[in-house]
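> kindly return the folded structure for what I paste below:
(2 chains)
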There are 2 protein chains.
Amino acid sequence: MKNLKQRIAKDGVLLPGNIVKVDSFINHQIDVQLLNEMGVEFKERFSDIKVDKILTIEASGIAIAVITAQYFDVPVVFAKKSEARNLDKNAYTSNVYSYTKDKTFPVKVAKEYLKENENILIIDDFLANGKAIEGLIDIINQAHAHCVGVGIAIEKGFQSGGKNLREAGVKVESLAIIESIEGNQIKFR
Amino acid sequence: MKNLKQRIAKDGVLLPGNIVKVDSFINHQIDVQLLNEMGVEFKERFSDIKVDKILTIEASGIAIAVITAQYFDVPVVFAKKSEARNLDKNAYTSNVYSYTKDKTFPVKVAKEYLKENENILIIDDFLANGKAIEGLIDIINQAHAHCVGVGIAIEKGFQSGGKNLREAGVKVESLAIIESIEGNQIKFR
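Okay, here's the model as predicted:
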């Protein structure tokens, strides 16, 4: 998606460890108009698929997910990361390892919000090693629902998450795939 | 707002400690259509005010804020609660006491996303004791920006947050104000 790539090139901040900080338009300040363009693009790329619900993960996935959900006319469920006190104990849980934080944390979805045989589209902001997405797919499988696709804003194509998911047969659509980062230069696939 | 009150009465779950759980349509699963109605209503209630930016707090405020921002055609900034590693050290910080969790946590906004003299509308899901909102107003004041209003989905009118803010001259608009909870009965103002 051209607009998103241009914006990443213009406003993305490169930090050590191949971190691409997009705090000025996605992860802290949010350009809602750009998110709408992303929602339209996701709808186009998954136009042939019946989607019952969008699943994302707090906190940074929520904005893209709810804006996108308007184009699919479906509800959003966001998985909770924290040991949230008032989350129902009756939840599907998957443990996700975060490379950024170097720790494993539980991801939870209350059982009542994922039903058997529902078609679930995962939407998230980043895909790198894919551990968070794998955790969400694990939760969808626990619910005996179907993961019909994964829509990602920014994929780090030089990390293995996207490759692994596609090889496992998951339909992954990333709006911007970063092929490499060399010095201060981002190259898109 | 009639639809929201009806939904709270129908699907809200009352827990000990006057907790109203709205996980089935706002705080875990999100009814995006209802949020759009809320966005329209916020725009009406703040129609006479120039708004440059919407400020909210992660995670549960993000969905309402971004949907609402579409009607104001402005960006959203969400304050970060965690000790987020990749948040710029150059941030406005306020310490917020949470009654629910019985602890104080820092709330941060990177300085570059709040500019002097900007008109900031705060949008959040709940208003009870008002500590989170006071923290956001503190941050807005640190930035020498203006808090032009506070839009809340659900206010607990029997707690002091809304009263204190209004007495301090803040324009607070809550779409559903719970007057009292008696047994299993929610009474709206």
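> residues contacting A:Leu4?
Shown in contact with A:Leu4 (C-beta atoms under 8 Å, 6 or more residues apart in numbering or on different chains): A:34, A:37-38, A:153-154, A:175-176. In this view, the C-beta of every residue, glycine as well, is placed from N, C-alpha and C.
> please tell me the pLDDT value assigned to the residue most central in space within chain A.
Residue closest to the average C-alpha location in chain A (C-alpha atoms, centre = their mean): A:Asp124, at 1.5 Å. A:Asp124 is assigned a pLDDT of 98 by the prediction.
> try the one 4 residues further on
Looking at A:Ala128, its pLDDT stands at 96.
> likewise A:Glu116?
pLDDT, read off for A:Glu116, is 98.
> tell me the pLDDT at the closest residue to it other than its chain neighbours?
The spatially closest residue to A:Glu116, leaving aside those adjacent along the chain, is A:His144, at 4.4 Å (C-beta to C-beta, 6 or more residues apart in numbering or on different chains). pLDDT, A:His144: 98.
> what does A:Ser47 give?
97.
> tell me, how many residues neighbour it?
Neighbour count for A:Ser47, taken as other C-beta atoms under 10 Å in any protein chain shown: 10.
> can you check A:Ala168 too?
11.
> ok, it to chain B distance?
From A:Ala168 across to chain B, the span is 27 Å (C-beta to the nearest C-beta, to the nearest Å).
> just A:Val172 next, same as before
A:Val172 is 23 Å from chain B, by C-beta to the nearest C-beta.
> any weak-confidence spans in chain A?
Along chain A, segments meeting pLDDT under 70 span A:82-88.
> where do the helices sit along it?
A:2-11, A:32-45, A:61-72, A:131-142, A:161-167 (DSSP state H).
> for the last one, which residues meet the burial criterion?
Put plainly, it is helix A:161-167. A:161-162, A:165 (16 or more other C-beta atoms under 10 Å in any protein chain shown).
> what is the nearest of those residues to chain B?
Comparing the buried residues of helix A:161-167 against chain B with C-beta to the nearest C-beta places A:Gly161 closest, at 18.6 Å.
> so what's the nearest residue to the closest one once chain neighbours are set aside up against?
In space, and not counting its chain neighbours, A:Gly161 is closest to A:Gly130: 2.5 Å by C-beta to C-beta, 6+ apart. Contact analysis of A:Gly130 by C-beta under 8 Å, 6+ apart lists A:159-162, A:164-165.
> closest one of those residues to B:Lys89?
Set against B:Lys89, the nearest of the contacts of A:Gly130 by C-beta to C-beta is A:Gln159 (26.6 Å).
> what are the phi and psi values for the closest one?
phi -110, psi 170 (degrees, to the nearest 10).
> what about the residue lying closest to it once chain neighbours are set aside, neighbour count?
Excluding its sequence neighbours, the residue lying closest to A:Gln159 (C-beta to C-beta, 6+ apart) is A:Ala128, at 4.5 Å. Residues contacting A:Ala128 under the criterion other C-beta under 10 Å number 23.
> ignoring the adjacent residues along the chain, who's closest to A:Ala65?
Take A:Ala65 and drop its neighbours on the chain: the residue closest to it by C-beta to C-beta, 6+ apart is A:Thr56, 3.8 Å away.
> for that neighbour, name its beta-bridge partners.
A:Phe78 (DSSP bridges).
> contacting residues for it?
By C-beta under 8 Å, 6+ apart, the neighbours of A:Thr56 are A:62, A:64-65, A:76-79, A:122-124, A:136.
> can you tell me which of those residues is nearest A:Tyr113?
Using C-beta to C-beta, the contacts of A:Thr56 come closest to A:Tyr113 at A:Val77, 4.7 Å.
> I figured that closest one hits A:Lys53, correct?
Yes - counting by C-beta atoms under 8 Å, A:Val77 does reach A:Lys53; the two are 6.1 Å apart.
> give me the more crowded residue out of those two.
A:Val77 (25 against 20).
> show the contacting residues for that one.
By C-beta under 8 Å, 6+ apart, the neighbours of A:Val77 are A:53-56, A:109, A:113-114, B:28-30.
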